[in-house]
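Q: below is the sequence, then the predicted model.
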Amino acid sequence: MMSMRIYHYTRCSKSRQALSFLESIGEVTVIDYHLHPPSREELDDMMERSTHDPHEFIRLGKDVPLHRDSSRTAIIEYLLTHPSALQRPLVDDGVSVVIARPLEQLQHLSACSRHFPR
């Protein structure tokens, strides 16, 4: 299995669920993005390797001055100064990146696909 990375937040039940699943199938590197937020280059790279739209990488809400049509650059800039707005959990297998919300999104990663019913 490829090395998996999860951008994780321990207080998030979906993130804990994804981490538990990933640990059950192999080795995973845990990155607490509140303590170690991704850089501009990492965010851009993850968005490039994901099938998710850039706006899906952000937790849109009443206090977030962005919307579904915001540019990728604007979203990245916002996340650099507000890393807690990053959607979670983000899982990176080195090839693709998914937002594992719901958990079944992990089936789109080759290292995880065989662990889901077909």
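A: Ah, there it is.

Q: what sits up against stretch 36-53?
A: Applying Cβ atoms under 8 Å, 6 or more residues apart in numbering, the contact partners of stretch 36-53 are 7, 31, 54, 57, 68, 72, 76, 79-80, 83, 86, 90, 92, 95-99, 108. All C-beta atoms are positioned from the backbone trio N, CA, C, and that covers glycine.

Q: okay, and which of the residues you listed map to strands?
A: Residues of these located in strands (DSSP state E): 7, 31, 90, 92, 97-99.

Q: now do the contacts for the nearest residue to Gln107 once chain neighbours are set aside.
A: Spatial nearest neighbour of Gln107, chain neighbours left out: Phe116 (4.1 Å); criterion: Cβ to Cβ, 6 or more residues apart in numbering. Taking Cβ under 8 Å, 6+ apart, we find Phe116 in contact with 104, 106-107.

Q: any idea how far Val98 is from Phe116?
A: Distance from Phe116 to Val98, counting by Cβ to Cβ, to the nearest Å: 12 Å.

Q: need the residues touching each of these two.
A: Leu106.

Q: can you pull out the helices in the protein?
A: For the chain, the helices defined by DSSP state H occupy 13-25, 40-48, 72-81, 110-113.

Q: of all these, which lies closest to Gly61?
A: Closest approach to Gly61 among those is made by helix 72-81 (12.1 Å; Cβ to Cβ).

Q: distance from the chain centre to the closest one, please.
A: Distance of helix 72-81 from its chain centroid, counting by Cα atoms, centre = their mean, to the nearest Å, is 15 Å.
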